[in-house]
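K.L.:
A predicted structure for the sequence below; I have some questions about it.
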Amino acid sequence: MPATGGRTFSVSGMYRNWFLDYASYVILERAVPALYDGLKPVQRRILHAMNDLDDGRYNKVANIIGHTMQYHPHGDASIGDALVQLGQKDLLIDCQGNWGNTLTGDSAAAPRYIEARLSKFANEVVFNPKTTEWQLSYDGRNKEPVFLPVKFPLLLAQGVEGIAVGLSCKVLPHNFNELIDASIAVLRKRSFELLPDFPTAGLADVSNYNEGERGGRVRARARIRKEDNKTLIISEIPYGTTTASLIESIIKANDKGKIKVRHIEDNTAENVEIAIHLAAGVSPDNTIDALYAFTDCELSIAPNAVVIENDKPRFVSVAELLRISTENTLRLLKLELTIKRSELEEQWHFASLERIFIEKKVYRKIEEAETWEQVMDFIHRGLKPHVKDLRREVTDDDVVRLTEIRIKRISKFDAFQADEHIRSLEDNLASVQHKLDHLVDHAVDYFKELKKKYGAGRERKTELRTFDTIVATKVAVANRKLYVDRAEGFMGWSLRNFEFVDECSEIDDIIVFRANGTMIVTKVADKKFIGKDFLHVGVWKKNDERTIYHLIYQDGPKGAYYMKRFAVTGITRDKEYDLTGGATGSKVEYFTANPDGAAEVVQVQLRPRPNLRKSKFDIDFAQLSVKGRGSKGNLLTRYLVNKITQKERGGSTLGAIPIWFDETVRRLNDTGHGRYLGRFAGEDRILAVLSTGEYQLLPFALSTHFPDETITVVKWDPKAVISAVYWEGEKQQYQVKRFLVEPAKDPVTFITEHPESKLALHSLVGHPRVKVAFDKRSNDRPNEEVDMEAFIAVKGVKALGNRLTPFKVKDLELLDPMFIPMTPELEEVQGILITDEEVGNLDPPEEEGLEESPMKQFRRDQAAQDVERSPEDPLIGYEPGKQITLGLD
């Protein structure tokens, strides 16, 4: 508490008061937008200054900044930055010149070189001096609006971000047209949902958006596609990044060894295009996942919708913000109509007075008046007999206005035109009154008109998806080599002069098995002590059920020998686990790690002893069940073992891998989520049919990325036939074709390459049927049903196909499914062929309560349909006794 001239001051008290004043000022006057117009003070003052200067022509930005400084008590830099940000949102300001690039992060040119004016949308929606509340500017010389009368959810359309003292604000931008539709839904008291739409496009997972309130999260991703096996293309970036910052994050991840990139090219101009050239031998699918895991290709955004209401911050949801904005728009529209009605009534009142004043020649009576008072009195008395039909009393101000009418106007007065003008005013009054009586309908029409005028080109840019969770350890590039020093008991990537174990990444876990029967999983490091008596060191992956460990141990110095097969799927890091029966002095006699559950046969040689009938025997580990790591195992022998050696190594005992496809996240998995595709092994592939008229054969690796145009995903069967109907662009007609899916590394196009050619529908089932609805305006043909298998034979993938019909088609409908969903039951009976004679053998089960399998039910339905079809049907061409291939393999 310092003293000055005998006076003392409390520094803590001064700090508390001053800090609160400063924090309140920053929150209210700089960082957080207002509730009713969605603008920060600097934005409101910029728009007001531009409205002052607006004459329809562009103004230098430097001039706008200088004019804004009459209202904003801060420097030109803050005004210029705010103006550029407003202009880059492409809604309120019409820009001319180099205003920078939000995609690349390039800054705008100097204010003296760029120009701006208010957009047509801003002039229509933001300004109306008659409904604006005014206040004095900071120096008292000018008037500025308290709030601008915005008749649109501007805050939600533009989004806003601000950091104050102890408070931050982040409202994400939303789609223009969707906001209008939601506002109409509010007016109609219907339900609605608002989800963000970013100007940078990209992908977004909004499953945890929480309506924009605190605690919510939005995951934004770049759109990445495979150009070829060595090149990835980023065509859209996440919100909040630029191409420069994104490339920088990729370079950092590459420098840290988390991804392997050979070269990056930034070809961004009007649209984003970042080409990532991969190093040799690097999987493009794994690299895509790694880009999402280790770079800014995926960002987590935390929204926090907060606004200023009555000089206090208020936390709200985006739905509540929209309701308040819509109610405010309704209030402003009512106020505008009320003002317009008053103005029309005034115009009608004076027009009626003027007609009476001239037609009844009241102006002649003032010739005898000698004073102004007599003039006023003569006019009042002259009007009195004729004012009974007026809507209000005649005031002195009305009389004064009548005396200001010029003689020239009186001499040229046209009664007919005066009556027409009064009738026009009455029609306008009736129209305004009708809108006031039906205010909600008027507001709905207002929003629809905004959408019609300004909604074109403002379609949703961001694609909404549910993202899968990428495990970083699974996609990290193996950028380190793991070594072990057996003599000293160390492992790490810095021990280059010792035994090489495997390649790993810096975030991998390492599993260690020791001779005493214990196991530990620990984080990899440059050098770490793991014990001198270890038997095996390897890279460990969580939930790895296909690496099977074989172990034979002696339970104590004089105990029996046990054998076991087990997998290590989950652990606590750095915790030591005992794999033996727990007896002191236990030791491991034989150990192997077997990727993909490979089997092996070992020979056990016992120590010679009297009465030992058999000193040597073989053990096939394939006969043992895979159990948990904590199991004691099966008894091998109670006799002492001299030696155990591997005699034979076999193939995998785990069989093919069951794979599912999750339609929501568009990814493969082996955890049972989504639609079952089948069991995969060896050279099996996945067939993806694209809406672009292409098919692609993809590996069954869980990291596989499917193109955005993918519409069908099934297990590939080399015998499968695709039946397709497509629009042929050059001939302007529908074509039908059927073809086998031929093996290919790259996508295969099965429709013509004309720009207007497009795939209409396709199917992988046998006897796919198409319902053809004809255009009744050109012909009166009834709808037809076409069996595509009977319509055309199987041809090559490049065949043009047969014309579906010479008549104009209105609609096509596939009557059968595109494919039959695979189930384990269907797998058991794949490849079955049936004939007409076999139909009788497809009787349903006789046991009560026993359900028929989907495959058998499908076979019965298909066979029954074929029996019922008429041999004379020209569209089907049914041949009795022919085989029917189900096409389900």
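P.N.:
Cool, got the structure. Numbering: from 1, shown residues only.

K.L.:
and T645, how close does it get to V604?
P.N.:
Distance check for T645 against V604: by C-beta to C-beta, to the nearest Å, it reads 9 Å. Every residue, glycine included, has its C-beta placed from N, CA and C.

K.L.:
can you pull out the strands in the stretch 601-750 of the chain?
P.N.:
Assigned by DSSP state E, counting those that start in this stretch, the strands in the stretch 601-750 of the chain fall at 616-620, 626-627, 634-637, 641-652, 657-662, 667-669, 675-680, 686-690, 694-698, 710-715, 721-728, 733-740, 748-749.

K.L.:
JSON lines please, covering these and showing mean neighbour count and mean pLDDT.
P.N.:
Below are these laid out as JSON lines (neighbours: other C-beta atoms under 10 Å; pLDDT from 0 to 100):
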{"stretch": "strand 616-620", "mean neighbour count": "13", "mean pLDDT": "91"}
{"stretch": "strand 626-627", "mean neighbour count": "15", "mean pLDDT": "89"}
{"stretch": "strand 634-637", "mean neighbour count": "16", "mean pLDDT": "92"}
{"stretch": "strand 641-652", "mean neighbour count": "13", "mean pLDDT": "84"}
{"stretch": "strand 657-662", "mean neighbour count": "18", "mean pLDDT": "87"}
{"stretch": "strand 667-669", "mean neighbour count": "20", "mean pLDDT": "86"}
{"stretch": "strand 675-680", "mean neighbour count": "18", "mean pLDDT": "89"}
{"stretch": "strand 686-690", "mean neighbour count": "22", "mean pLDDT": "93"}
{"stretch": "strand 694-698", "mean neighbour count": "20", "mean pLDDT": "93"}
{"stretch": "strand 710-715", "mean neighbour count": "19", "mean pLDDT": "92"}
{"stretch": "strand 721-728", "mean neighbour count": "22", "mean pLDDT": "93"}
{"stretch": "strand 733-740", "mean neighbour count": "19", "mean pLDDT": "93"}
{"stretch": "strand 748-749", "mean neighbour count": "16", "mean pLDDT": "92"}
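
K.L.:
need the ones you listed in CSV (columns: distance to L246).
P.N.:
Shown next, in CSV, are those (distance: least, C-beta to C-beta, whole Å):
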stretch, distance to L246
strand 616-620, 55
strand 626-627, 45
strand 634-637, 56
strand 641-652, 41
strand 657-662, 27
strand 667-669, 23
strand 675-680, 34
strand 686-690, 27
strand 694-698, 27
strand 710-715, 25
strand 721-728, 38
strand 733-740, 41
strand 748-749, 32
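
K.L.:
figure out which of those is closest to H74.
P.N.:
strand 667-669 (49.9 Å; C-beta to C-beta).

K.L.:
next one: the closest one to chain centre, how far?
P.N.:
Distance, stretch centre to chain centre, for strand 667-669: 18 Å (C-alpha atoms, centre = their mean, to the nearest Å).

K.L.:
which helices and strands does that strand pack with?
P.N.:
Counting contacts by 3 or more C-beta pairs under 8 Å, 6 or more residues apart in numbering; DSSP states H and E, strand 667-669 is packed against strand 657-662.

K.L.:
who does the strand it packs on touch, helix- and strand-wise?
P.N.:
For strand 657-662, the packing partners by 3+ C-beta pairs under 8 Å, 6+ apart come out as strand 667-669, strand 675-680.

K.L.:
so which of the ones you listed gets nearest S631?
P.N.:
strand 675-680 (26.9 Å).

K.L.:
may I have that closest one exported as CSV, CA atoms only?
P.N.:
Provided in CSV are the C-alpha atoms of strand 675-680 (Å, rounded to 0.1, in the frame of the first residue of the first chain):
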residue,chain,number,x,y,z
ARG,A,675,-23.2,-55.5,-42.9
TYR,A,676,-21.5,-58.9,-43.1
LEU,A,677,-19.5,-59.3,-46.3
GLY,A,678,-18.0,-62.8,-45.8
ARG,A,679,-14.8,-64.5,-44.8
PHE,A,680,-11.7,-63.4,-46.7
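
K.L.:
each with direction, which strands does it pair with?
P.N.:
Strand 675-680 has its sheet partners listed here by DSSP bridges as strand 657-662 (antiparallel).

K.L.:
how far off strand 710-715 does the partner strand point, in degrees?
P.N.:
Following axes from the mean of the first three to the mean of the last three C-alpha atoms, to 10 degrees, one obtains 160 degrees for the angle between strand 657-662 and strand 710-715.

K.L.:
contacts for stretch 375-389, please.
P.N.:
352-353, 356-357, 360, 362, 365-366, 368-369, 393-394, 396, 399, 402-403 (C-beta atoms under 8 Å, 6 or more residues apart in numbering).

K.L.:
for the buried ones among these, write the corresponding PyMOL selection.
P.N.:
The buried residues among the contacts of stretch 375-389 can be selected in PyMOL (16 or more other C-beta atoms under 10 Å) with this line:
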select buried, resi 352+353+356+357+362+365+366+394+399+402
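
K.L.:
which ones among the contacts of stretch 375-389 lie within strands?
P.N.:
Taking DSSP state E, every one of the contacts of stretch 375-389 sits outside strands.

K.L.:
pick out whichever of the contacts of stretch 375-389 sits closest to L464.
P.N.:
S352 (59.4 Å).

K.L.:
relative to E368, how far out is the closest one?
P.N.:
The separation that S352 has from E368, given C-beta to C-beta, amounts to 25 Å.

K.L.:
give me the neighbour count for the nearest residue to K523 once chain neighbours are set aside.
P.N.:
In space, K523 comes closest to D509 once its chain neighbours are excluded; the distance is 6.1 Å by C-beta to C-beta, 6 or more residues apart in numbering. Neighbour count for D509, taken as other C-beta atoms under 10 Å: 17.

K.L.:
now the farthest one out in the chain, which residue is it?
P.N.:
Here the chain reaches farthest from its C-alpha mean at E368, the gap being 83.2 Å by C-alpha atoms, centre = their mean.

K.L.:
what's the distance between that residue and E354?
P.N.:
Using C-beta to C-beta, we find E368 at a distance of 22 Å from E354.

K.L.:
tell me where the chain is predicted with low confidence.
P.N.:
1-16, 19, 25, 473, 651-654, 823-889 (pLDDT under 70).

K.L.:
one step back: who wins for proximity to E503 among the helices and strands packed on strand 657-662?
P.N.:
Using C-beta to C-beta, the nearest of these to E503 is strand 667-669, at 24.4 Å.

K.L.:
residues in contact with the closest one?
P.N.:
Strand 667-669 is touched from outside by 468, 659-662, 677, 686, 700-702, 704-706, with contacts defined as C-beta under 8 Å, 6+ apart.

K.L.:
go on, stretch 521-535?
P.N.:
For stretch 521-535, contacts defined as C-beta under 8 Å, 6+ apart pick out 480, 482, 484, 486-495, 504-516, 520, 537, 539-540, 568, 571, 573-575, 588, 591.
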